[in-house]
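1. The following block contains a protein sequence and its predicted model.
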Amino acid sequence: MNEQPVVRSLMDAAPYAISEDESVLMAWEVMERSGQRELPVVRGDGCCAGLLDRAELAVVCAAAATTLSRHRVRDLVHARRTVTVHPEDSVPRAAAMMTQEHLDALPVTDAHGRLIGLLTARDYVASAAGLPSGAEPAGQGPARASLPGLPPRRAARNLGIVIP
C-alpha cells in the first residue's frame, strides 16, 4: 500500500499567531520580529480567523502610525474566506488546495477549527528537496495559539539574546 505523507509531517507546529483584537501595528511588529511571512490570526477561542501575509500588511502599514494603532487585525480578515487543512490531510491534497486558491501558506486546524500549526510552500519545497524546513515539527512543543509577548528581534534572536 502506497501511503501518502500527511500535513502533520511538514507543518510548523509552533508558528507565532496574533489575536484578531490586536492592532495592525502590533501585527507588523510580530511579523518583523518573528521573521514569518505569514501570520495566522486567531479568535479568543483559539479558532483560526484568517491569515495575513507580509505584502498585504506592508500595504496597510503605509498609513500613518496613529491610524494603524486604531485599526484591528479583524478588519483585515473579517470578510475573507479562510482555507485550512487538518493535520491528517495528505500533503498532495494540501498542495492542491494551495495551488487552486493561489496561497503560499495554509493554517492547520483541529476538528474544532483551532489553530495548531502552519503549512507553508517553503515547508513543502524543502521536504520535496530533502532539506530541513526550519519549522518546528509536531510534538516538539505547544502551538503558540496566542502571543503572550513579542518574539525577540531577528538579529538579537540569532545571537541568543532574549528581548522582552
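-> Received it, and whenever you're ready, just let me know what you need. Numbering: from 1, shown residues only.
2. Any stretches of the protein with poor pLDDT?
-> Residue ranges of the chain with pLDDT under 70: 1-4, 65, 132-164.
3. What segments of it are helices?
-> Using DSSP state H, the helices assigned to the chain run over residues 24-34, 54-60, 65-68, 74-77, 91-101, 121-128, 154-159.
4. Next, the buried residues of the fifth one.
-> Of the residues in helix 91-101, those scored as buried under the neighbour-count criterion (16 or more other Cβ atoms under 10 Å) are 91, 94-95, 97-98. Every residue, glycine included, has its C-beta placed from N, CA and C.
5. Assess the claim that residue 17 and residue 40 are in contact.
-> Yes: applying Cβ atoms under 8 Å, one finds residue 17 in contact with residue 40, separated by 4.2 Å.
6. which of these two has more neighbours?
-> Shown here are residue 17 and residue 40; by other Cβ atoms under 10 Å, residue 40 has more neighbours (28 against 24).
7. Bridged to the more buried one, which residues?
-> Listed beta-bridge partners, residue 40: residue 51 (assigned using DSSP bridges).
8. separation between it and residue 119?
-> When distance is defined by Cβ to Cβ, to the nearest Å, residue 40 is 11 Å away from residue 119.
9. that older thread, which neighbours do residue 17 and residue 40 share?
-> residue 115 (Cβ atoms under 8 Å, 6 or more residues apart in numbering).
10. List the residues that contact the residue nearest to residue 88 when sequence neighbours are not counted.
-> Taking Cβ to Cβ, 6 or more residues apart in numbering as the measure, residue 88 lies nearest to residue 6, with 5.4 Å between them; neighbours along the chain are not counted. Neighbouring residues of residue 6 by Cβ under 8 Å, 6+ apart: 87-91.
11. so what's residue 6 bridging to?
-> For residue 6, the beta-bridge assignment (DSSP bridges) gives partners residue 90.
12. re the thing from before, same list (the contacts of residue 6) but as TSV, adding distance to residue 128.
-> Output for the contacts of residue 6, formatted as TSV (distance: Cβ to Cβ, whole Å):
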residue	distance to residue 128
87	19
88	20
89	17
90	14
91	9
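13. Can you select the buried ones among the residues you listed for me in PyMOL?
-> With 16+ other Cβ under 10 Å as the criterion, this PyMOL line picks the buried residues out of the contacts of residue 6:
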select buried, resi 87+89+91
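14. Great, nothing more from me.
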